[in-house]
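> my questions concern the predicted model and sequence given below.
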Amino acid sequence: MPMSKTEHIFGVLKARLETIAGATVERNSAVPEKIPSGGLLILRDGTPGEPEQSLGGFGSAYCRQDAEIEIYIENGDAASRDAAFDTLLQEIGVVLDDDLTLGDLAFGMTFGRPEIDTEAVVGAPAIKAGTLIVAIEFEADTALG
């Protein structure tokens, strides 16, 4: 059976994120106990929007998927951690802005600043984490994407 449009979009988005030098990119995985030195990005499926059928119920469905990109940086020095997080966030923005249609798979993507939190870890460097919501709008053959 062929891959769904949604899965195809996530595959392309993950491949684009993997072009960020030094960052480790995973999909829908658990957060490991140790964050890689170049940072960790976890692409999650997020929340699907309600599909909209074309008039008459024939043809394609117009879908929105709010993907989540979790960003993790681990460093004991607050200034270094903040700088590394900011650099990684800017690199994600460049990758996303480079092709908002993901090779014409989507009508477009929108995103803003992530929600950010710093987590203290007993016996280990602190982790700065953020979740970036990326809204992807696309047309699928069925409402299931």
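The structure has been received and is ready for your questions. Residues are numbered from 1 along each chain as shown.
> those strands in this structure, which residues are they?
24-27, 40-48, 52-53, 61-74, 108-111, 115-121, 124-140 (DSSP state E).
> contacts for stretch 6-23?
3, 25, 27, 36-41, 43, 45, 48, 63, 65, 67, 69, 88, 91-92, 95-96, 98-99, 102-103, 105-106, 134, 136, 138, 140, 145 (Cβ atoms under 8 Å, 6 or more residues apart in numbering). For the C-beta atoms, the positions are set from N, CA and C on the backbone; glycine is no exception.
> among the residues you listed, the buried ones, what's the ChimeraX command?
Buried residues among these (16 or more other Cβ atoms under 10 Å), as a ChimeraX selection:
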select :25,39,40,41,43,48,63,65,67,69,88,91,92,96,102,105,106,134,136,138,140,145
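> thinking again about what came up before, hey, least reliable of the strands of the chain by pLDDT?
Ranked by mean pLDDT, those bottom out at strand 52-53, with a mean of 66.
> re earlier: redo the strands of the chain as a markdown table? Include distance to A83.
Formatted as a markdown table, those follow (distance: least, Cβ to Cβ, whole Å):
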| stretch | distance to A83 |
| --- | --- |
| strand 24-27 | 19 |
| strand 40-48 | 17 |
| strand 52-53 | 43 |
| strand 61-74 | 9 |
| strand 108-111 | 21 |
| strand 115-121 | 14 |
| strand 124-140 | 10 |
